[in-house]
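Peer 1: What would the 3D arrangement of this be:
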Amino acid sequence: MNMRSKKNRLSVNNRQPFFKATGIVLLMMSVILTQIPVPNISASETNQEFQMDGTLLVKYTGKNKSVSIPAKVTRIGAEAFADNQTLAVLTIPDTVTQIDSGAFSGCSSLEAVTFPKNLTSIGSSAFHSCASLKKVVLNNTLSTIGAGAFSDCDKLEIISVNKVNQNFSFEKGILFDKAKTMICQVVAGTKAEKLTIPDSVTSIMPYAFWGCELIPEITVPSSVKEIGPYAFSNFTSLETVELPYSLRTINLKAFSYCTKLSSITIPKSVTTIHETAFDGCSLLKQEEGASNSSDTDAISANKIQKKDSLSGDEIQEIASTSDDKNKEESDNSTETNSGNQILSTEESEVSSDTVSNETILGKTVIVGSNAVILMNNKNSKVITGELSAPGTSGISNALSSDQRSILKQAFYRDETLSDFIIPDQVISIEEFAFARSTLTNITIPETVETIGYAAFYHCEGLSEIAIPDKLQFIGDKAFSKTGWMEKWLKEGENDFLVRGDGILICYKGESEIVTIPEEVKQIASGAFENHTEMIEVEIPDTVEIIRANAFLNCTNLATIQGGEGISVLEEHAFDGSNILMTSEQIAIAQNSSMGQIAEYQILNKSELESKVFEMNFVKWLATVVLFTIAILFLIVRKKQP
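Peer 2: Next comes the predicted model:
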């Protein structure tokens, strides 16, 4: 008996290391099991608010009040946040070096911006009409600020510039270059009964005074010889301006839409006034029967007498300068000079076939090499002084070096455009090329193959567009907000807008189940964007390409049928929908003949969530079981004698 008991104790004691080791192994397995990854829906898969092209942030589609831009972004694209009405607080990471044109324009609720330390460039109109923005703090690396970057920001009073910045300075409501020779921006919150521009200033950037509503009077110093294009445009509080006798030229739309400007005295030194210089200045009116005297030193813009011709004395009065040569020429201005430097007033009159006398304040005359122009400020038609092909003015600066592309933002916000003919050699129109311009007619040659992102965005006056049949690519929002697109959305008989080589540009239907026409070869970016009513789409075998964001934010889309001919499926094609694809599946789709779309294992979001839940539950249950067994083993071991 004693021997058996002793033997049993020995047997149990021999098994104790086994129990102990088994318990330890089970505990280790339960810990390891908790670390095994399972598929999940990460933020990068469900949060599609940031639309990226490499490190370029192309578009933000979210509605958050506070936004922190991802650290991988190095550049914020043109109009990426434009017209976002909910954004209030913005944090830009130090990785960002460039903010493009109009990136945050129209963000009316934006109050605070944290700018990156490494920022070097802010594009034109980047923060235009950010009505709630009160203060801006710029870093020491900033080297470039575009025209009107902070224009029409009603509450903006301070732009704080780092003292070590070598390019800009801020004083008394004015953002200057470092040497104070150029005015970059007068913040809209600046208040003064009279603003005297410093004598050091020689130039004023376009839109520098846009939105200023608290400054009724300004004085321009003698250091300024030319009022540049749009310099005082939309300076809505301006009532009186003093111009210096050093002034020679008043350029394109220099005072356009200064709606309170009632009187302006133009010195006799001025030789050129662009016909659009006072567009929209409704209080500047032509006064019939006003006297014209050569004894006066200046001409008041709202007291120019309308007449059929100008006398030699009047020409001299307008164009007189300290230049002796010009004086001699103007003394003989009623005769034709043998060298054709001076034309008689009869010869220099604008033909009534071109411009009616009812639409002009005076005649265009040539004095020496100078054109003296006095035009009705309500006449919006531009008559250039250069001989060029109709509708191609300025084209040389807009083309790439190989003459094959219209450059990015070439005519962005250009308010002088009306008719435009693209040269036959052009094959590409790049992003924002004509965006927000006053373009009314465009001729696109058959050679054009590519139209970039937002190329004609917000061209409201563009009501008709003939798109070449061979066009291969149309970028997202290329025609959004154009008169042509808006007209189709309201009056178009077909729900599918197909142009070019079978490119489906836009869909306007409201069906839950959508069948794409067989004429379609390519589904363009944004074609079905925000069609939340869609639950199923049938893609014909003719479709070869589905572009990025084609079905963006189709939140109820769960089923895709057909698509045997698809050869290119771009990333983010189904962002914001119930159709998800892993990066591996996209890679397969991009590098195979694809066959039926179902073969790429596009998963329904609800199914994927269910699978994730099931796998997590199984993992949790297995962990609990193993842990329980391990504890039991240890308890049994301790109870053994």
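
Peer 1: okay, and for the stretch 151-300 of the chain, where does confidence drop off?
Peer 2: Confidence mapping of the stretch 151-300 of the chain against pLDDT under 70 gives the ranges 285-300.

Peer 1: ok, S405 - contacts?
Peer 2: By C-beta atoms under 8 Å, 6 or more residues apart in numbering, the contact set of S405 is L399, V426, I427, S428, I429, E430. (Each C-beta comes from the backbone N, C-alpha and C, glycine too.)

Peer 1: mind redoing it with 6 Å?
Peer 2: S428, E430 (C-beta atoms under 6 Å, 6 or more residues apart in numbering).

Peer 1: That one bridge partners, please.
Peer 2: Taking DSSP bridges as the rule, S405 bridges to S428.

Peer 1: Would you check how far apart it and A433 are?
Peer 2: 9 Å (C-beta to C-beta, to the nearest Å).

Peer 1: Show the end-to-end separation of stretch 197-211, please.
Peer 2: End-to-end distance for stretch 197-211: 17 Å, by C-alpha to C-alpha, to the nearest Å.

Peer 1: and V618, what element?
Peer 2: helix 605-639 (DSSP states H and E).

Peer 1: for the record, mean pLDDT for that helix?
Peer 2: For helix 605-639, the mean pLDDT works out to 65.

Peer 1: and F411, how many neighbours does it have?
Peer 2: 24 (other C-beta atoms under 10 Å).

Peer 1: Any figure for the gap between it and C554?
Peer 2: 33 Å.

Peer 1: residues touching the closest residue to Y507 other than its chain neighbours, list them.
Peer 2: Excluding the flanking residues, the one nearest Y507 by C-beta to C-beta, 6 or more residues apart in numbering is F528, at 5.3 Å. F528 makes contact with Y507, F551, C554, according to C-beta under 6 Å, 6+ apart.

Peer 1: Out of those residues, who's the most crowded?
Peer 2: Among the contacts of F528, F551 has the most neighbours (other C-beta under 10 Å), with 26 neighbours.

Peer 1: Got phi/psi on that one?
Peer 2: phi -120, psi 40 (degrees, to the nearest 10).

Peer 1: pretty sure T416 belongs to a helix, no?
Peer 2: No: per DSSP: H, G, I helix; E, B strand; the rest coil, T416 lies outside any helix segment and is coil.

Peer 1: What about it, how many residues nearby?
Peer 2: Neighbour tally, T416, other C-beta under 10 Å: 18.

Peer 1: Next: I158.
Peer 2: Using other C-beta under 10 Å: I158 sits among 14 other residues.

Peer 1: Same question for L238.
Peer 2: 24.

Peer 1: Quick check, E460 in contact with W484.
Peer 2: No: using C-beta atoms under 6 Å, E460 is not in contact with W484; the gap is 9.9 Å.

Peer 1: Neighbour count: the two, which is higher?
Peer 2: More crowded of E460 and W484, by other C-beta under 10 Å: W484, with 20 against 15.

Peer 1: Just the pLDDT for that one.
Peer 2: Among the per-residue scores, W484 shows a pLDDT of 94.

Peer 1: Quick one: classify it as helix, strand or coil.
Peer 2: Applying three-state DSSP: W484 is helix.

Peer 1: Can you tell me, leaving aside adjacent residues, what's nearest to it?
Peer 2: Nearest non-adjacent residue to W484 (C-beta to C-beta, 6+ apart): I465, at 4.8 Å.

Peer 1: which SSE is the one you found in?
Peer 2: Using DSSP H and E, I465 sits within no helix or strand.

Peer 1: And it, how close does it get to N251?
Peer 2: Taken as C-beta to C-beta, the span from I465 to N251 is 31 Å.

Peer 1: where does the stretch 451-600 of the chain have low pLDDT?
Peer 2: For the stretch 451-600 of the chain, the ranges with pLDDT under 70 are 580-600.

Peer 1: Counting neighbours, what do you get for D424?
Peer 2: 10.

Peer 1: can you map out the strands along the stretch 201-350 of the chain?
Peer 2: 203-204, 217-219, 226-227, 240-242, 249-250, 263-267, 272-273, 298-300 (DSSP state E, counting those that start in this stretch).

Peer 1: and these as JSON lines, adding distance to N118 and mean neighbour count?
Peer 2: What follows is these, written out as JSON lines (distance: least, C-beta to C-beta, whole Å; neighbours: other C-beta atoms under 10 Å):
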{"stretch": "strand 203-204", "distance to N118": "28", "mean neighbour count": "20"}
{"stretch": "strand 217-219", "distance to N118": "36", "mean neighbour count": "16"}
{"stretch": "strand 226-227", "distance to N118": "35", "mean neighbour count": "22"}
{"stretch": "strand 240-242", "distance to N118": "40", "mean neighbour count": "16"}
{"stretch": "strand 249-250", "distance to N118": "39", "mean neighbour count": "22"}
{"stretch": "strand 263-267", "distance to N118": "44", "mean neighbour count": "17"}
{"stretch": "strand 272-273", "distance to N118": "43", "mean neighbour count": "20"}
{"stretch": "strand 298-300", "distance to N118": "50", "mean neighbour count": "18"}
